[in-house]
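Trainee: Pasting the sequence and the predicted coordinates here, then a few questions.
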Amino acid sequence: MVDLPGITRVPVHGQPENIYEQMLDIIMEYITPEESIILNVLSATVDFSTCESIRMSQTVDKTGTRTLAVVTKADKAPEGLLEKVTNDDVSIGLGYVCVRNRIGDKSYEEARMEERQLFENHPLLSKIGKSIVGIPVLAQKLVHIQANILSRCLPNIVKQINDKLSANVSDLNSMPQNLSSVADAMTEFMRILGSAKESMKKILIRGEYDEFPDEKEMHCMARLSEMLFECFIELQAKGSPTGELNNFLMDEVNVLLEAKGIVLPSFLPRAAFLYLLQKKVKGISSTPIDFVKNVWSYLENVLLAVLMQHSENYPQLQGTTRRAANNLIARMREESIARIRELIEMEKVADYTCSPDYMTVWNKLMSHQNQFMEIMNGTSEWKTVKIEDLGEVKVEHLRRYKHIAQEAFDMKMRIVAYWKIVLRRLMDSMALHLLFSVQNLVNKELEKELMEPHGGGIERMLEESPSIAGKRDRLKKSIKLLKESKDVVANIVDRIKME
């Protein structure tokens, strides 16, 4: 039972200005819990509906099922008291008990005797039912109400204690063990490394993301596929022949004019073809490099997120782990950039493919040559030619170069056909290199890099951080207190069952 302070509105004798708010907070803290019985002490001399204590109890117990009213000073205002306690205008669910306070130095027995005589002999108070008058009735009623409240609330209290106890035990068991030797630290480090590698295999190799279901950035296979597709779209846009339609064949004409020599006619100079090819490759060369940089920046974020998650119980290890991961990604990024640059340079120095698609596409494109030459020779009134992959192109401006137009058309169609091979080969090579690098990162390089000494990280694992030590101590104390509380509640339940 808690005797709460009275409601003070005006501060006196140095009390704080917000004394009312402070008293209100204290009272509400104790009367809000569902297992609390609210004993509202009312004076018979006042109108119950104006009492602030009634208003406060009604805010937390609207139906009054756990509110009991005690009416004091019944001898001071007996008129109308019977109607007050029977009409119950303020909804006191557990009813009223009218009492007469002890006055002066009278003993408890003397006070109870006078109280009994008052309610038996007073012409007005004697009309109030004997079941709601007197301190003994109040005590019996409180015991009965408290027993009912406890029997109703105890199962839920027991459940809350058990749930909290289980949660704390689980938290304590999930905490890292307090390492006492380098061997223990190495064992724990290898466990962390193994679990991090398994997570990386799941998200980077097997495409599983059950560990990060709501973090789309960690759905790595999907994100890498998107990045690869975006790179392909950009390469196609940069190397598209449709951007040259306004000056169709002029690049080829200019190159052929400068490649003239004392040679047999109608032979396409390979140097001219390589020059045009190199120009197109150079035009797209920055895109694969940017793609590689973006991929490794993304992989760096993923790797750090995984490593930090698996080492979160050892903050002293995270600094060295982060540096090792940064060094690893920086090295592998440079290796990838060098490899992609090598692929680009290879496309510049040779014009080769064993794919039959080249000849198929070239023959299809060359089927428009006759129509083109008829326009060049003036035997056709058409000024445009519609060609697959290029659309409708204007060719009238080429009539003044008709002596070289046929060779220029042939070279253009070879470039268009071969460019498809170049882009496909470049994308395939980059995709294979990416997959190989990811496999190498997860299966080999990660463990190799993290096992290198980087500032004594394993030794630092022996030094438990203050935050972890504090949490461990708090959990142990909480578990001890909850176990004691569980025993106390069990004893109360047993007593209630016996009674």
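Mentor: Received, thanks.

Trainee: how near is residue 315 to residue 308?
Mentor: If you measure residue 315 against residue 308 using C-beta to C-beta, to the nearest Å, the figure is 10 Å. C-beta: built from backbone N, CA, C; applies to glycine.

Trainee: before we move on, what about residue 41?
Mentor: In this view, residue 41 and residue 308 are 58 Å apart by C-beta to C-beta.

Trainee: For the helix or strand where residue 480 lies, buried residues please.
Mentor: Element membership for residue 480, per DSSP states H and E: helix 466-498. Neighbour-count burial for helix 466-498, counted by 16 or more other C-beta atoms under 10 Å, picks out 468, 472, 475, 478, 479, 482, 485, 486, 489, 493.

Trainee: list the contacts for the first one?
Mentor: When the contact criterion is C-beta atoms under 8 Å, 6 or more residues apart in numbering, the partners of residue 468 are 175, 176, 313, 315.

Trainee: now, among these, which is nearest to residue 218?
Mentor: Within these, proximity to residue 218 (C-beta to C-beta) peaks at residue 313, which comes in at 20.2 Å.

Trainee: State the pLDDT value of the closest one.
Mentor: Per-residue pLDDT puts residue 313 at 78.

Trainee: Can you report how many residues lie near it?
Mentor: Around residue 313 sit 17 other residues, with neighbours defined as other C-beta atoms under 10 Å.

Trainee: And residue 266, by the same measure?
Mentor: Taking other C-beta under 10 Å as the neighbour definition, residue 266 ends up with a count of 8.

Trainee: Would you mind confirming that it is in contact with residue 410?
Mentor: No: between residue 266 and residue 410 no contact is recorded; they are 9.3 Å apart, counting by C-beta atoms under 8 Å.

Trainee: got a list of what residue 309 touches?
Mentor: Contact partners of residue 309, counting by C-beta under 8 Å, 6+ apart, are residue 199.

Trainee: For it, pull up the helix or strand it's in.
Mentor: Assignment of secondary structure by DSSP H and E places residue 309 within helix 286-310.

Trainee: Could you give me the buried positions within that helix?
Mentor: When burial is assessed from 16+ other C-beta under 10 Å, helix 286-310 yields the following buried residues: 287-288, 291-292, 295-296, 299-300, 302-307, 310.

Trainee: Out of those, the closest to residue 425 would be?
Mentor: Each of the buried residues of helix 286-310 was checked against residue 425 using C-beta to C-beta; the closest is residue 288, at 11.8 Å.

Trainee: got the contact list for the closest one?
Mentor: Taking C-beta under 8 Å, 6+ apart as the criterion, residue 288 is in contact with 231, 235, 340, 343, 344, 426, 430.

Trainee: so how far is residue 357 from the fourth one?
Mentor: Between residue 343 and residue 357 the distance, using C-beta to C-beta, works out to 20 Å.

Trainee: go on, the fifth one?
Mentor: As judged by C-beta to C-beta, residue 344 and residue 357 stand 21 Å apart.

Trainee: Which one's more surrounded, those two?
Mentor: For residue 344 against residue 357, the residue with the higher neighbour count under other C-beta under 10 Å is residue 344, and the figures read 19 against 12.

Trainee: Roughly how far does the more buried one sit from residue 337?
Mentor: As defined by C-beta to C-beta, residue 344 lies at a distance of 11 Å from residue 337.

Trainee: Show me the contacts of residue 288 that map onto strands.
Mentor: Taking DSSP state E, every one of those sits outside strands.

Trainee: just the buried members of these?
Mentor: Buried members of those, counted by 16+ other C-beta under 10 Å: 231, 235, 340, 344, 426, 430.

Trainee: Would you confirm that the fourth one contacts residue 283?
Mentor: No: counting by C-beta under 8 Å, no contact exists between residue 344 and residue 283, whose distance comes to 11.1 Å.

Trainee: What segments of the stretch 1-150 of the chain are helices?
Mentor: Using DSSP state H, counting those that start in this stretch, the helices assigned to the stretch 1-150 of the chain run over residues 19-31, 52-60, 81-87, 108-121, 135-174.

Trainee: Include mean neighbour count when you put these into TSV, please.
Mentor: Converted to TSV, these look like this (neighbours: other C-beta atoms under 10 Å):
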stretch	mean neighbour count
helix 19-31	15
helix 52-60	16
helix 81-87	16
helix 108-121	14
helix 135-174	14
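
Trainee: As CSV, these with distance to residue 348 and mean pLDDT would be great.
Mentor: Compiled in CSV, those are given as follows (distance: least, C-beta to C-beta, whole Å; pLDDT from 0 to 100):
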stretch, distance to residue 348, mean pLDDT
helix 19-31, 79, 85
helix 52-60, 82, 85
helix 81-87, 102, 85
helix 108-121, 109, 87
helix 135-174, 57, 83
